[in-house]
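[1] how does the following fold in three dimensions:
(one chain, ligands or ions: 2)
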Amino acid sequence: MLTRFSRRLIGAHKFSLPDIKTHNIDPKLVPTEAESTKDELMKYLTDMMTIRRLEILADDLYKNEKIRGFCHLSDGQEAIAVGMEAAVTYEDSLITAYRDHGNAYMRGISLDHIFAELFGKASGSSKGKGGSMHFYHKEHSFYGGNGIVGAQCAIGAGLAFALKYKKKPNVALILFGDGASAQGQLYEASNMAELWKLPAIFVCENNLYGMGTPIEKASANLELYTKGHPSPGIKIDGQNILAVRETFHFAKDYALKNGPIWIECATYRYHGHSMSDPGVSYRKRDEITAARAAKDPIQKVKDWLIEKNEATEEELDKMEKNIRKKVLEIANKAKEEPWPDHKELFTDVYGPGRKYFYRNIEFKNSTMF
Ligand SMILES: Cc1ncc(C[n+]2csc(CCOP(=O)(O)OP(=O)(O)O)c2C)c(N)n1
Ligand SMILES: [Mg+2]
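    Ligands and ions are numbered 1, 2, ... in the order given. Purely as a prediction, here's the structure:
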């Protein structure tokens, strides 16, 4: 990440950030403005557009039965995945739930490996055995991709513990949804993180729904950023990439010095919960249209670039078309990759050197190997 000083030297633009809410922390400490260069904004835009195409194409491929099993899309929420990574490094651990394609991409898993994984192909990042919900990249401290709501929070506290134990100058980013904010494990994890002053950032992606349940019906406390009490919390506009970047930059420093902090990112998911949910039975189409029109994270960056005379609409449209083409080409190539060998069913289950028990339908025909 560029420093404020180096940004100024290369002619950065200034942006004031939308209002924030705070809990147990002096609001004066929290950033209220940001600076960003054209190159930075173009990079954020490219990454967000790429994630959006990835998700829209995944939707299409799923409907054409090329992707099977679970599949949760994150279009609408791109500014969180991208903005967060602009403030931390791959030495900072990251763990999330099942809506993980954008995080996987931003943690450095290539689109080739992402699509191959979605198709269940051998060259997928989890050898085709994980699919949509289970992307990992250990070398870049990305711990998935977890299907059980809230379970990643307990593992995330463990990641923060490990960083502190090893005296690393890094934090653990622990992502969960508004629905998960009512899940018990989160509170055990948050309690221990606070007691031991672990370098943890608890990140609530509040997209207003847990499957078809609106947050008002799931959480007695709607100020989700206060739910880690006594840990401090901040609520930001998660559709504003600079608000995300600046707040996470601040939070990393805070968590390293003081212990855990919560960040609630207000966001919206454009697709349904998963592929079996068209997303319009429990919310009106108008609500989705209005959210897209008012707060689209990609449109916001486009508007900034145009307002600051750094790009024209035509240039940005062309850029988007090129990204579309590139993503499609990569997906088409990944489709042709070979399937995993059947033997892969027995790898990565137990540690090295362990025997595998293969239980046949008839027990007497079972084998050890
Ligand atoms: C322990 C557990 N309970 C229930 C489920 C079923 N389930 C899957 S996703 C989900 C909703 C979670 O919503 P939220 O935390 O807001 O995340 P979002 O899907 O909005 O990203 C539920 C209830 C589950 N996977 N695990
Ligand atoms: Mg949700």
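[2] roughly how far apart are the nearest residue to Pro214 once chain neighbours are set aside and ligand 2?
    Leaving out its chain neighbours, the residue that sits closest to Pro214 by CB to CB, 6 or more residues apart in numbering is Leu208, at 6.3 Å. Glycine gets a C-beta too; all of them are placed from N, C-alpha and C. The spacing between Leu208 and ligand 2, counted by CB to the ion, to the nearest Å, is 7 Å.
[3] cool, Asn258 as well?
    28 Å.
[4] same check, this time on Arg4
    34 Å.
[5] OK, contacts around Arg53?
    Contacts were defined as CB atoms under 8 Å, 6 or more residues apart in numbering; by that measure Arg53 touches Ile323, Arg324, Val327, Leu328.
[6] next one, pLDDT for the residue nearest to Pro214 please.
    On the pLDDT scale, Leu208 is placed at 98.
[7] what pairs with whichever residue of the stretch 151-300 of the chain sits closest to ligand 2 across the strands?
    In the stretch 151-300 of the chain, the residue that lies nearest ligand 2 is Gly177 (3.6 Å; CB to the ion). Under DSSP bridges, the beta-bridge partners of Gly177 are Glu205.
[8] surely it is in contact with Asn206?
    Yes: look at Gly177 against Asn206 with CB atoms under 8 Å: they come within range, at 7.4 Å.
[9] between the two, which one's more packed in?
    Counted by other CB atoms under 10 Å, Gly177 and Asn206 do not tie: Gly177 has more neighbours, with 30 against 22.
[10] quick check, Tyr270 in contact with Ile56.
    No: contact status for Tyr270 versus Ile56: not in contact, 9.3 Å apart, counting by CB under 8 Å.
[11] anything in contact with each of the two?
    Contacts common to Tyr270 and Ile56, judged by CB under 8 Å, 6+ apart, are Asp75.
[12] which of these two has more neighbours?
    Tyr270 (19 against 16).
[13] contact partners for that one?
    Contacts of Tyr270 (CB under 8 Å, 6+ apart): Leu73, Asp75, Gly76, Gly279, Ile288, Ala291, Arg292.
[14] over to it. Which of the three states is it?
    The three-state label given to Tyr270 by DSSP: H, G, I helix; E, B strand; the rest coil is coil.
[15] also the one 5 residues further on?
    Reducing the assignment at Met275 to three states with three-state DSSP gives coil.
[16] correct me, but it touches Asn64?
    No: Met275 is beyond contact range of Asn64, at 11.6 Å (criterion: CB under 8 Å).
[17] neighbour count for these two, which is higher?
    Met275 (19 against 8).
[18] let me see the contact set for the closest residue to Cys71 other than its chain neighbours.
    Residue nearest to Cys71 in three dimensions, not counting chain neighbours: Ser132, with 4.3 Å by CB to CB, 6+ apart. Ser132 makes contact with Ala58, Ile67, Gly69, Phe70, Cys71, His72, Tyr98, Asp100, His101, Glu117, Leu118, according to CB under 8 Å, 6+ apart.
[19] narrow the residues you listed to just the buried residues.
    Listed as buried from the contacts of Ser132 are Ala58, Ile67, Cys71, His72, Tyr98, Asp100, His101, Glu117, Leu118; burial here means 16 or more other CB atoms under 10 Å.
[20] how much space between the first one and His72?
    Counting by CB to CB, to the nearest Å, the gap between Ala58 and His72 amounts to 10 Å.
[21] can you check the fifth one too?
    According to CB to CB, Tyr98 and His72 sit 5 Å apart.
[22] what residues are shared contacts of those two?
    Ser132, Met133.
[23] hmm, back to that, out of the contacts of Tyr270, which end up buried?
    By 16+ other CB under 10 Å, these give Leu73, Asp75, Gly76, Gly279, Ile288, Ala291 as buried.
[24] contacting residues for the fourth one?
    If I follow you right, that is Gly279. Contacts of Gly279 (CB under 8 Å, 6+ apart): Arg269, Tyr270, His271, Gly272, His273, Ile288.
[25] swap in the third one?
    Listed by CB under 8 Å, 6+ apart, the contact set of Gly76 reads Asn207, Thr267, Tyr268, Arg269, Tyr270, His271, Ala291, Arg292, Asp296, Pro297.
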